[in-house]
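Colleague: Sequence and predicted structure, then a few things I'm wondering about:
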Amino acid sequence: MVDLLSSVEQQYKSEKEIPDLRPGDTVRVHNRIVEGERERVQVFQGTLMRHRHGGLNETITVRRIASNGVGVERTFLLNSPSVEKVEIMRHAKTRQAQLYFLRDRRGKSARIKENRSRE
């Protein structure tokens, strides 16, 4: 049963190159947006809070601080045709797999230490 499932997933797996993502990384997600008849690419840059593995259903949750200090979180399906590419801007040192504690933090306490060794 598992072999059948993995073979079907391989057919639908996208050809794009997804880097090794870990929570705490600062990433840029290039997302294709269709507005009427026009199509454009919107870049969403922020801290990777969560990475759920799951074959075709692999998702990441990215959080950034928008204007007036309002936090915005978006969840992206990595194998979706609307996600064009994912870039890693910098790596961070974390001890947790899901960084939900960042939701309650503001200013300097919301910073995560950069990991320069993992490049």
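Modeller: Yes, it's here.
Colleague: and residue 24, how many neighbours?
Modeller: Neighbours of residue 24 under the rule other CB atoms under 10 Å: 22. Bear in mind the C-beta positions are built from the backbone N, C-alpha and C, glycine included.
Colleague: how about it, what does it touch?
Modeller: 47-48, 91-94, 99, 112, 115 (CB atoms under 8 Å, 6 or more residues apart in numbering).
Colleague: Please spell out the PyMOL selection for the buried subset of those residues.
Modeller: With 16 or more other CB atoms under 10 Å as the criterion, this PyMOL line picks the buried residues out of those:
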select buried, resi 47+48+91+92+94+99+112
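Colleague: Considering the contacts of residue 24, which is situated nearest to residue 11?
Modeller: Nearest to residue 11 among the contacts of residue 24 is residue 48, at 27.8 Å by CB to CB.
Colleague: OK, contacts around the nearest residue to that closest one once chain neighbours are set aside?
Modeller: Distance criterion CB to CB, 6 or more residues apart in numbering; nearest residue to residue 48, sequence neighbours excluded, is residue 25 at 4.7 Å. Shown in contact with residue 25 (CB under 8 Å, 6+ apart): 47-48, 88-92.
Colleague: chain center to stretch 95-115, what's the gap?
Modeller: Distance, stretch centre to chain centre, for stretch 95-115: 15 Å (CA atoms, centre = their mean, to the nearest Å).
Colleague: and the end-to-end length of that stretch?
Modeller: End-to-end distance for stretch 95-115: 12 Å, by CA to CA, to the nearest Å.
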